[in-house]
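**Student:** Kindly generate the corresponding structure for this input.
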Amino acid sequence: METPIPRHIVDQALKESGLCDLGKASIREVLRLVNNIEKASGQQFIKMEMGVPGLPAAPVGIDAQIEALQKDVASKYPPIEGISILKEEASRFAQLFLNTDIHPAGCIPTVGSMQGSLAAFMVNSRCRTGKDYTLFIDPGFPVQKQQHHVLGLKYKSFDVYNYRGHQLRAKLEEYLIQNDVHTIVYSNPNNPSWICFSENELKTIGELANTYDVMVLEDLAYFGMDFRHDYGKPGVPPYQPSVAHYTDHYTLLLSGSKIFSYAGERIAMMMIGNGLFARCYPDLKRFYPSDSYAHAVVYGALYAIASGTSHSAQYALSAMLKAANEGSFGFIEQVEEYGNKAIVMKKLFTRYGFQIVYDRDEDAPLADGFYFTISYPGFSGSALLKELLYYGVSAIALNITGSERNEGLRACVSQTQPSQFTGLELRLKAFRENH
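**Tutor:** Now for the predicted structure:
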């Protein structure tokens, strides 16, 4: 069977990679494998394995960072809690785009959202003896579970697809009633499935967090990217849906990587609800000098991890948030290209026999955005991922995201350019003819 990438090249790369089961391979492991196949074959892949921005970084951020460097901020340690202008603009952003009041003190810069989640897990898991588990509403970002493995922390999880809408409450209570969960974690829009929780579902999560006294970690890496709604006008409804409207014991993770295409500088914000920020947990003194949650996050966890976030990158994020807050930077308009790509790419895959795995938001069709999920009749996710390599197409298996849909793959649209759509179609057509 002839394939776009010679089979012997792919087979040799797989052998050298040491990956026994591609369904368990991490994003970076798949990326390394694909890079090796590209180098050996001389052919460019349709790369859909890694969620990296496919757009230029926001100029307003670049200009502000250059100006900060020219003022010699590189020679000075940044404050761990963040520079004041960034904290103020982040607080304004929460008010204008989330319709939520978060005090500037609770807006803390981190080295990407991954540092923010790591710090949250380090502190949340130690707040109360006996509450030892994180509850992941899956599918989700696999590296957050890797963080748990590295830290030696416990977690539980379930695939939410069959528990949308009113069914979510009973499923969550099934776990929360055991009184051993400290934090509920999810992303919205969701990585990898691109489902978007409704206000009613977020209300359910918030109400149960209040009832069972658990914290919520809401990952907003893809803030505003449910393009079915316009969340991009400051101070004008509709606002980005958030659990922050229903509980005060939350942390939001707001990343500059996707919404501002500023991934290379690793800059993000932890935005801690006022109630949680002010709270004290006596059990924290087992690990930190203070029982203050805020003190444990900033001067316990974040200080130990990195002693602060890039000084100049904080000025970049400050400028991008300020421009968004003032309405001079339409950041949502900048990323709508992802939705347009998804429309085309989903049509191509389904035209040649593929199916969309996560295809609905309750009773509505799924939005088009940064990710979508695919399967092909007769293939497991692991087998499909391997077979697509012979056709110069890469993705990751849903297995590693906590999904129960083991037949599926996550596809990211960001790196595929419109000029590659014809090549993608030819490869998918060849796949269909051979299968």
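**Student:** only C-alpha atoms for contact and neighbour calcs from this point on.
**Tutor:** OK.
**Student:** Identify the residues contacting the host helix or strand of residue 37?
**Tutor:** Secondary structure from DSSP states H and E places residue 37 in helix 27-41. Helix 27-41 is contacted by residues 5-6, 9-10, 13-14, 17, 22, 44-45, 49-50, 389, 394-396 when judged by CA atoms under 8 Å, 6 or more residues apart in numbering.
**Student:** Buried subset of those residues, written for ChimeraX?
**Tutor:** The buried subset of these, as determined by 16 or more other CA atoms under 10 Å, is captured in ChimeraX by this line:
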select :5,6,9,10,13,14,22,45,49,50,389,394,395,396
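**Student:** Which other helices and strands does the longest helix seen in the chain contact?
**Tutor:** Using DSSP state H, we find that the single longest helix of the chain is helix 331-351. In terms of contacts (3 or more CA pairs under 8 Å, 6 or more residues apart in numbering; DSSP states H and E), helix 331-351 is packed against helix 256-259, strand 355-356, strand 371-375, helix 421-434.
**Student:** out of these, nearest to residue 157?
**Tutor:** Among those, strand 371-375 comes nearest to residue 157, with 19.6 Å by CA to CA.
**Student:** just checking, what packs against that closest one?
**Tutor:** Applying 3+ CA pairs under 8 Å, 6+ apart, one finds that strand 371-375 contacts helix 331-351, strand 355-356, strand 409-412.
**Student:** can you list contacts of whatever helix or strand comes next after the shortest one?
**Tutor:** It stands for strand 355-356. The helix or strand immediately downstream of strand 355-356 is strand 360-361, counting by DSSP H and E. Here strand 360-361 makes contact (CA under 8 Å, 6+ apart) with 164, 195-197, 366.
**Student:** Out of these, which sit inside helices?
**Tutor:** Among the contacts of strand 360-361, no member falls in helices (DSSP H).
**Student:** where's the dip in pLDDT among these?
**Tutor:** Minimum pLDDT across the contacts of strand 360-361 is recorded for residue 366, with 93.
**Student:** Deepest-packed of the helices and strands packed on strand 371-375, please.
**Tutor:** strand 409-412 (a mean of 29; mean count of other CA atoms under 10 Å).
**Student:** could I get the helices and strands packed on helix 331-351 as JSON lines with distance to residue 201?
**Tutor:** Listed next are the helices and strands packed on helix 331-351 as JSON lines, based on distance: least, CA to CA, whole Å:
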{"stretch": "helix 256-259", "distance to residue 201": "24"}
{"stretch": "strand 355-356", "distance to residue 201": "23"}
{"stretch": "strand 371-375", "distance to residue 201": "21"}
{"stretch": "helix 421-434", "distance to residue 201": "36"}
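**Student:** follow-up on the earlier one: in CSV: the helices and strands packed on strand 371-375, plus distance to residue 57 and mean pLDDT.
**Tutor:** Formatted as CSV, the helices and strands packed on strand 371-375 follow (distance: least, CA to CA, whole Å; pLDDT from 0 to 100):
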stretch, distance to residue 57, mean pLDDT
helix 331-351, 10, 96
strand 355-356, 30, 98
strand 409-412, 18, 97
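**Student:** Quick check: which of those is nearest to residue 61?
**Tutor:** Nearest to residue 61, of all these, is helix 331-351, at 11.8 Å by CA to CA.
**Student:** Figure out which of the helices and strands packed on strand 371-375 is closest to residue 379.
**Tutor:** Of all the helices and strands packed on strand 371-375, it is strand 409-412 that lies closest to residue 379, at 10.7 Å by CA to CA.
**Student:** Residue 321: which element?
**Tutor:** Taking DSSP H and E as the definition, one finds residue 321 inside helix 311-326.
**Student:** re the thing from before, among the contacts of strand 360-361, which two are most distant?
**Tutor:** Top of the distance list for these (CA to CA): 164 and 366, 13.0 Å.
**Student:** out of the helices and strands packed on helix 331-351, which comes closest to residue 334?
**Tutor:** Taking CA to CA, helix 256-259 is the member of those nearest to residue 334, at 8.2 Å.
**Student:** picking that back up, quick one: which of the contacts of strand 360-361 is most hemmed in?
**Tutor:** The residue in these with the most neighbours, by other CA atoms under 10 Å, is residue 195 (28 neighbours).
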